[in-house]
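S.K.: what's the 3D shape of this:
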Amino acid sequence: PNPQGLNWDALESKLAEAAAACPSSPSASSDDAEKKRRFQIHRKEHYNEMEAVRNFRLKCGDSMDEDDDADDEKEDAMKALSMAPMDEAS
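M.R.: As a prediction, this is how the structure comes out:
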């Protein structure tokens, strides 16, 4: 034993037993590689989409903000009309 109380021979034999108990299959590693490849493609597409949105906002952002303001004003006017008391003579 070493000064910390570890028995290196016992540790090595236990590690060897654990490694032998976990069979490595080539199909598992190819499955993992395929999953990783698909994930990387998906991630790349996601960031490309976000870049396209960012570019769109830079090009059209000002006009889109004006349209949103006009839409908000229309919605406010419609709400005001729908909440106004109805004329009893109608």
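
S.K.: Can you check which helix is longest in this structure?
M.R.: Ordering each helix of the chain by length in residues (DSSP state H) puts helix 26-83 first.

S.K.: sec struct for residue 5, please.
M.R.: Under the three-state scheme (DSSP: H, G, I helix; E, B strand; the rest coil), the conformation of residue 5 reads as coil.

S.K.: That one - how many residues pack around it?
M.R.: Per other CB atoms under 10 Å, the neighbour tally for residue 5 reads 6. From N, CA and C alone the C-beta is placed, and that goes for glycine too.

S.K.: Against residue 11, how distant is it?
M.R.: Here the criterion is CB to CB, to the nearest Å. By it, residue 5 lies 11 Å from residue 11.

S.K.: low pLDDT regions in this protein?
M.R.: Confidence mapping of the chain against pLDDT under 70 gives the ranges 1-4, 23-28, 62-70, 81-90.

S.K.: try it again with 80
M.R.: Filtered on pLDDT under 80, the chain yields the residue ranges 1-6, 22-30, 61-74, 76-90.

S.K.: Now the helix or strand hosting residue 13: buried residues?
M.R.: Using DSSP states H and E, the secondary-structure element containing residue 13 is helix 8-21. Along helix 8-21, no position meets the burial threshold by neighbour count (16 or more other CB atoms under 10 Å).

S.K.: and residue 7, backbone torsions?
M.R.: Its backbone dihedrals place residue 7 at phi -100, psi 100, with angles given as degrees, to the nearest 10.

S.K.: neighbours around it, how many?
M.R.: The burial count assigned to residue 7 is 11, neighbours taken as other CB under 10 Å.

S.K.: for residue 33, same thing?
M.R.: Using other CB under 10 Å, residue 33 is surrounded by 10 other residues.

S.K.: Which residues are in contact with it?
M.R.: Going by CB atoms under 8 Å, 6 or more residues apart in numbering, residue 33 touches no other residue.
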